[in-house]
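Trainee: got a predicted model here, sequence first, then my questions.
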Amino acid sequence: MKSTTRIVAALAAIALLAGCQSSTESTASEGTTQLAEAGALPVTVDHAYGSTTIETEPQRIVTIGWNSQDSVLALGKTPVAMESFSGAGLENGILPWDEELLGDVEPTLLDSTSGVPFEQILALEPDVIIAVVSGITEDDYARLSQCFRGTGLEDERVLTS
């Protein structure tokens, strides 16, 4: 059941971002790309610890976990922060296929091997946190959600599995 929940949450997060991509309008004067089609937002995504409503197109996306950044990058969005990876042949903490999609952009690299880096994430002022296959607990989710209270951001912007 838990892996079904993970798959549903992952697909919901990907569907959310894919829905935002279907009408791409370049705003070269600002150097950004608008991906949300009219009427696509707000959207509510159900996940393992409840649901998250996204009111506007996320601009500051933080990803934690083993593959969250891949989906975000594949949909043309660049996370402001993502998981740092280690292993043979990795010199900068970024997976080779992600390097190509990032181009010259250098997101903040997060290390969640000893737990969620709450303070680092909060300092980045994310619009949304995508934490598919992250291993975050319900307590971690509650703490991340609590971090947004009093900051002027929505109360719950964490998508997880």
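Mentor: That came through, no problem.

Trainee: so what's the backbone phi/psi at the closest residue to residue 59 other than its chain neighbours?
Mentor: Counting by CB to CB, 6 or more residues apart in numbering, the nearest residue to residue 59 once its immediate chain neighbours are dropped is residue 127, at 5.6 Å. For every residue, glycine as well, the C-beta is placed using N, CA and C. Phi and psi for residue 127, reported as degrees, to the nearest 10, are phi -80, psi -30.

Trainee: what's the local residue count around residue 99?
Mentor: Here the count is done by other CB atoms under 10 Å, and residue 99 has 11 residues near it.

Trainee: can you check residue 55 too?
Mentor: Residue 55: 11 neighbours (other CB under 10 Å).

Trainee: do residue 65 as well
Mentor: 22.

Trainee: tell me the SS of it?
Mentor: coil (DSSP: H, G, I helix; E, B strand; the rest coil).

Trainee: correct me, but it touches residue 116?
Mentor: No - Residue 65 is beyond contact range of residue 116, at 10.2 Å (criterion: CB atoms under 8 Å).

Trainee: mind checking how far the residue nearest to residue 59 is from residue 84?
Mentor: The gap separating residue 127 from residue 84 is 21 Å, by CB to CB, to the nearest Å.

Trainee: mind jotting down where the helices sit in the chain?
Mentor: 2-21, 68-74, 96-102, 118-123, 138-148 (DSSP state H).

Trainee: if you average pLDDT over each of those, which is lowest?
Mentor: Of all the helices of the chain, helix 2-21 carries the lowest average pLDDT, namely a mean of 43.

Trainee: how long is stretch 68-88 from one end to the other?
Mentor: With CA to CA, to the nearest Å applied, stretch 68-88 spans 21 Å between its terminal residues.

Trainee: next, the buried residues of it.
Mentor: 68-73, 77-85 (16 or more other CB atoms under 10 Å).

Trainee: swap in stretch 132-139?
Mentor: 132-134, 136.

Trainee: turn these into TSV, including distance to residue 122 and pLDDT.
Mentor: TSV is the format used below for these (distance: CB to CB, whole Å; pLDDT from 0 to 100):
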residue	distance to residue 122	pLDDT
132	20	84
133	22	83
134	16	87
136	15	89
